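1. Okay, sequence plus prediction incoming.
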Number of protein chains: 4
Amino acid sequence: MIVILKANLDENSPEYAQIVDYLAHKPNIKTRIHQEIGTSQKLTEIYLIGDTASLDKTEIESLPGVDRVVRVSEEYRILGRHRDDSRPSGFEYNGVKFSQENLNVFAGLCAVDTPEHVESMLKALRANGQVCTRMGAYKPRTNPYSFQGHGKDCLAWVFELAGKYGIKVIAMEITHDSQLNEIQEALHKTGHPTGVMLQIGTRNTQNFELLKIVGRQRELPVLLKRGFGITLEESLNAAEYLASAGNANIVFGLRGMKTNMGDPHRNFVDFAQVPVVKRLTRMPVCIDPSHSVGTRDASPDGLLDIFHVTAQGVIAGANMVLVDFHPAPAKALVDGPQALLLEELPYFLEDVATARAAYEKRRDLAKRFLAK
Amino acid sequence: MIVILKANLDENSPEYAQIVDYLAHKPNIKTRIHQEIGTSQKLTEIYLIGDTASLDKTEIESLPGVDRVVRVSEEYRILGRHRDDSRPSGFEYNGVKFSQENLNVFAGLCAVDTPEHVESMLKALRANGQVCTRMGAYKPRTNPYSFQGHGKDCLAWVFELAGKYGIKVIAMEITHDSQLNEIQEALHKTGHPTGVMLQIGTRNTQNFELLKIVGRQRELPVLLKRGFGITLEESLNAAEYLASAGNANIVFGLRGMKTNMGDPHRNFVDFAQVPVVKRLTRMPVCIDPSHSVGTRDASPDGLLDIFHVTAQGVIAGANMVLVDFHPAPAKALVDGPQALLLEELPYFLEDVATARAAYEKRRDLAKRFLAK
Amino acid sequence: MIVILKANLDENSPEYAQIVDYLAHKPNIKTRIHQEIGTSQKLTEIYLIGDTASLDKTEIESLPGVDRVVRVSEEYRILGRHRDDSRPSGFEYNGVKFSQENLNVFAGLCAVDTPEHVESMLKALRANGQVCTRMGAYKPRTNPYSFQGHGKDCLAWVFELAGKYGIKVIAMEITHDSQLNEIQEALHKTGHPTGVMLQIGTRNTQNFELLKIVGRQRELPVLLKRGFGITLEESLNAAEYLASAGNANIVFGLRGMKTNMGDPHRNFVDFAQVPVVKRLTRMPVCIDPSHSVGTRDASPDGLLDIFHVTAQGVIAGANMVLVDFHPAPAKALVDGPQALLLEELPYFLEDVATARAAYEKRRDLAKRFLAK
Amino acid sequence: MIVILKANLDENSPEYAQIVDYLAHKPNIKTRIHQEIGTSQKLTEIYLIGDTASLDKTEIESLPGVDRVVRVSEEYRILGRHRDDSRPSGFEYNGVKFSQENLNVFAGLCAVDTPEHVESMLKALRANGQVCTRMGAYKPRTNPYSFQGHGKDCLAWVFELAGKYGIKVIAMEITHDSQLNEIQEALHKTGHPTGVMLQIGTRNTQNFELLKIVGRQRELPVLLKRGFGITLEESLNAAEYLASAGNANIVFGLRGMKTNMGDPHRNFVDFAQVPVVKRLTRMPVCIDPSHSVGTRDASPDGLLDIFHVTAQGVIAGANMVLVDFHPAPAKALVDGPQALLLEELPYFLEDVATARAAYEKRRDLAKRFLAK
């Protein structure tokens, strides 16, 4: 059960004290306070855990200071959409909004290699009006003898270059909690020239200890990728690990599933689940066309499969696109063959915009039809 | 190797005789003649089988009467896109065009039940300008004790009603070759009021004997569904069975794959392979959103998942949509829960049109970009 | 509901007439008579379909001539193990017993090629005391341009050779009902020198029309393979198609599932389901190690993977082994690389015997433990 | 390339110096020393990385002090079986031998709950002559709100009880590197009454950072479970992470794959890959029947499926069995329904012994046959 307090309710107010006192006297009920501090207002939610069936929803809602009470089902207590649950989705980070309503493109390098390549990429992004990117410093590789990323050594200069080109958010994968500290330290040392969205990859979706530690910090939002060999339900439960530890600023990422039934694509593209994730939870949904498709093959209409599956995700309401570009794919240290070229960036963005416009038209159509 | 003759070349002409004679003298080469008779012209292709590596492409192309020679790779000899193969895709049937360039919607009943329901459906289709539909008479059911369709008894009245409402093509599944005869007979007896596209379902994708028999007739085109538990390559080889038996008027249908990794959808939606099938073969590609999704669940934007995956298929260039409607889903004998309502038909068609317009815009964008 | 009559009850007896009359007067109940004629006795079962919930089990059991009444659950009505259902499993065909209690090995050629190869195989079988074999005349091939088997032309001489070498049962795949007629005719013309177990392969597991036609004849038993891309439940329902059409003399075959998660084996070996099939149904269970594994790779202990998975099936209680041998694998037209050599036959049989002895010891151990 | 030195070669000997000097002068070659210190001898291997193609195998083998040189293929450099590679598999830990030749059973509690239950379990093990067990202190759970194990608080008393009952090795899962420290500390504080085999579960198979850290210590051996949604090759590469970090004392565990094609078992049992892992690598292979099967269902012969799949793994040469028991399954905090009962322990062990004896008989048979 979640007790949502009136916006900006002061913790020192008598109303607040009364609510806390009321709940403290209920037997077998534990509470956990969750605060979301936005630019204009502070939202406080009190999670009630334990024998909540015995509580009277109407009685709690009648307390001064309480805005609403939501009874949550067992599944996805914090992130789920529960009956009569009209709480908004999403969050804002470093000036960029993430929600189930809008769309952000994160084009960038799968793996940071040279400062020249990073700068070329960032220049192209600025030239095309982009304020988000992806940059991989820590790379989990199937083979232990493959290049594993530059790690913490590249963080400072990547952040500074990003800041120079007006990037507000970098999606960056981490594979161990020590890397979280390294990133926070580098951000601090460089004076926060940009922001970082921590990315947890498909091999770590059920690395619960990492999720708990990342979930305990609330400075940086998290992009959690779906596990490529587990059910959707299991991956959504993994997201709940982050939320239950304290950080609900999560984007959920689809990136294709591991089975040869999706051949010749590298993974079986699962973007049909974009609307499913939005129905089951309040998380914005990201798609990763590059790792799903894994090739630069095109269909006879001239469009690359990567473009096609991106359009498929976007026309169904995806909220974020994570896509690999590279100034010189042949020289990329990781996943070069699938990278798009810098000169394809405006073309890609226009293609995305076309799909997004179609989605918005469809959404309006649904509204008109359902209003009848 | 395929020798494509000049359009309308007469079989009694000296050029034709010379070509046939030339090929007859080549050792270890067998030939098979394939003719495609369209409204305005007759196309003749001669398939060469055997030791074709020894043949001289340029020499054959220099024969009078020969338009072009295509060397085919081993895979999908007839249906495949081979190097330098610019032959057009598609065919025309009963006035309706099927190709990789255009889009046809087949809304209708999963299973024929009562004449009243069939007529309501057809009336709604005509009111919305549709000339194609789906109507199932023979239903393969997982459980032997489930309703198996009305079979041949309903054919005559279904065809007559279809003709009455201006339907040009009915997609109708068959599960045994005897049903092909029943359909042809019923069409004949009723005076061909409509046309039939034979549908081969996912459980019979590798029923090779059925494919050979269906492939030997060329009157009716075929919609072959992908096998839901085999690789794409295996299903494309199944299509080649039809073509190698003589009938290349095939639409290839995607309908979702059987694995719980696609839950909560009934099957794992595989429409990311729309562009793949178009790249590998010259077949138009159909999508079946109803059986892929299997529910009427909607996302918070109000759009049903069935609408979303349809839009995903169409924005990537799908050429045919097979979708279940029913005037009274609660009374449907098969797959009622997923059926769309008749009042949703104009809404669905408008949604499809929006996705199709976006696809065409994307295709034009690709042309412009690639022209640079 | 199944009414099991006393053994050898005469259809002209007053008891029989009374039972039929009693059931005929029950409203909304249809009956179907099923007879199993063995060497020493005739068993008659009456299947009751319809509103059986209203019937009184005890009352029916009290009728003279009735041995027992079994209330069947919805799943696998005929083949399933129902509550308190102690009916025996299995059947006898041409002197060979098939049941959940014993084990038969069917070593032989995946595809019939030359009379010399067939005869070498049969000679080896006789030399090793075998009376069953596999011989493929009709081969379903993924690629339409591959060798499709010699078909009916080889039937007569294969049957005669089999008879000459004392073979009692040949497992032979059919892919169309016309082949059933061809086999029956060839058996008749050659004077039934051997018997045939019709095999329905994994691509036709849900070819329901073929199942219905094969199920309507009761002369030849059937080996139904599990579909390699569907759930076990769906395949067991396919077996029920055969039984509900009239023929319950079915062996259920496991042959591996299609997914790259089983690499480097050709299919994902599923013999852990041997005990599952025996728990859910009364069918004997066959394993096909050759098509599951698909290679002749061996582990460091010298044993081929084909031997290992065979032992795995047998030690868990498998009742039939279908395995490919060939006198000259390099010359085999189908699946040569996985075939065992004739000189490996005694070695293979001894390996199977070791696993079977272990199974029987384990079964006795269970009996002793459960008796405590 | 691996240079294997003569056993017990002293690092201060002139031979050693000569070898190191020889290799130091080769261009583009890096070396890494790996020492295996057993009870009776010390083995030193020098891994050569870089441009090894240019090296002369015979020349190196001719150096005094060099026993053998093995050219390794790219795959599984350290753990793999390479051409002409007759190095032995396995290792000894705390007096227990682990190899591809023998078999150890680890029966125990999936999750530690009360001291009473732990002691009952250990007493039963001692009574049945067992010196290994499994005891879970850190439990990764799909749902964040489920019991997550007692963690470090239970370590000391669990170790002491284990020592009291003569347990030499406890398999214990860890999910974060901090737990490694906690275990080492608890072992130290309690005076090493027992040994611990670190277990890395299926959700962390590709948690490469954890693998690297665990691989860097060589005190405790590691049981690495196969990832339940990835290919075998990917999981074997994960094992190579451990080895390349320094610790090659690894047992590789099969535990079933995640797909509904294995229903009604919880996972699709993959024990047919026991011989595959032994062929591809030199690691001993463990099977986990409890988590594969997930139920206590039995077949009509009275044997539980858990017994059947265990026998399947063992008869194919499995080297370790990890199996859940519980004194009171109904009270178990994790995975109670699949746990075996303490009174079933002798029965289970006898069943395993029967399967093992059959394996050894089969191995001897193979030797005899191959000797011919």
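-> Right, received. Where do you want to start?
2. Can you give me the pLDDT of the residue of the stretch 1-150 of chain A found nearest chain B?
-> Residue nearest to chain B within the stretch 1-150 of chain A: A:Gln100 (6.7 Å; CB to the nearest CB). Where you see a C-beta, it was placed from the backbone N, CA and C, and this is true even at glycine. Note for A:Gln100: predicted pLDDT of 96.
3. That one touches A:Pro284, doesn't it?
-> Yes - with contact defined as CB atoms under 8 Å, A:Gln100 counts as touching A:Pro284 (5.4 Å).
4. re the thing from before, ok, and the residue of the stretch 1-150 of chain A closest to chain B, which helix or strand is that part of?
-> Following DSSP states H and E, one finds A:Gln100 outside all helices and strands.
5. quick one: it and A:Asn249, what's the gap?
-> Distance of A:Gln100 to A:Asn249, computed by CB to CB, to the nearest Å: 13 Å.
6. again with A:Ala358
-> 29 Å.
7. which of those two has more neighbours?
-> When neighbours are counted by other CB atoms under 10 Å in any protein chain shown, A:Ala358 and A:Asn249 differ, and A:Ala358 comes out ahead with 25 against 21.
8. on that earlier part again, count the residues that sit near the residue of the stretch 1-150 of chain A closest to chain B.
-> Residues within reach of A:Gln100, counting by other CB under 10 Å, total 22.
9. so what's it closest to, chain neighbours aside?
-> Among residues not flanking A:Gln100 along the chain, A:Ser89 sits closest, at 4.2 Å (CB to CB, 6 or more residues apart in numbering or on different chains).
10. which element is that neighbour on?
-> Per DSSP H and E: A:Ser89 is located in neither a helix nor a strand.
11. re the thing from before, give the residues shared as contacts by A:Gln100 and A:Pro284.
-> Counting by CB atoms under 8 Å, 6 or more residues apart in numbering or on different chains, the contacts common to A:Gln100 and A:Pro284 are A:Ser89, A:Gly90, A:Asn319.
12. could I get those as CSV with pLDDT?
-> Converted to CSV, the shared contacts of A:Gln100 and A:Pro284 look like this (pLDDT from 0 to 100):
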residue, pLDDT
A:Ser89, 81
A:Gly90, 91
A:Asn319, 98
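13. Pipe those residues into CSV and attach neighbour count and distance to D:Glu36 per row.
-> As requested, the shared contacts of A:Gln100 and A:Pro284 are exported to CSV (neighbours: other CB atoms under 10 Å in any protein chain shown; distance: CB to CB, whole Å):
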residue, neighbour count, distance to D:Glu36
A:Ser89, 18, 55
A:Gly90, 18, 55
A:Asn319, 26, 53
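14. give me every residue that touches the one residue in the stretch 101-250 of chain A that gets nearest to chain D.
-> Proximity of the stretch 101-250 of chain A to chain D (CB to the nearest CB) peaks at A:Gly229, 1.3 Å away. A:Gly229 sits next to A:Met257, A:Lys258, B:Met261, D:Gly227, D:Phe228, D:Gly229, D:Ile230, D:Lys258 when contact means CB under 8 Å, 6+ apart.
15. What number of residues are in the vicinity of the closest residue to the last one other than its chain neighbours?
-> Distances taken as CB to CB, 6+ apart place D:Phe228 nearest to D:Lys258, at 4.4 Å, with adjacent residues excluded. Close neighbours of D:Phe228, defined as other CB under 10 Å, add up to 26.
16. Please, where are all the helices along the stretch 101-250 of chain A?
-> Under the criterion DSSP state H, counting those that start in this stretch, helices of the stretch 101-250 of chain A are mapped to A:115-127, A:155-164, A:177-189, A:208-216, A:232-245.
17. possible to save these as a markdown table with mean neighbour count, mean pLDDT and distance to chain B?
-> Formatted as a markdown table, the helices of the stretch 101-250 of chain A follow (neighbours: other CB atoms under 10 Å in any protein chain shown; pLDDT from 0 to 100; distance: least, CB to the nearest CB, whole Å):
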| stretch | mean neighbour count | mean pLDDT | distance to chain B |
| --- | --- | --- | --- |
| helix A:115-127 | 18 | 97 | 16 |
| helix A:155-164 | 20 | 98 | 28 |
| helix A:177-189 | 17 | 97 | 29 |
| helix A:208-216 | 22 | 97 | 21 |
| helix A:232-245 | 23 | 96 | 6 |
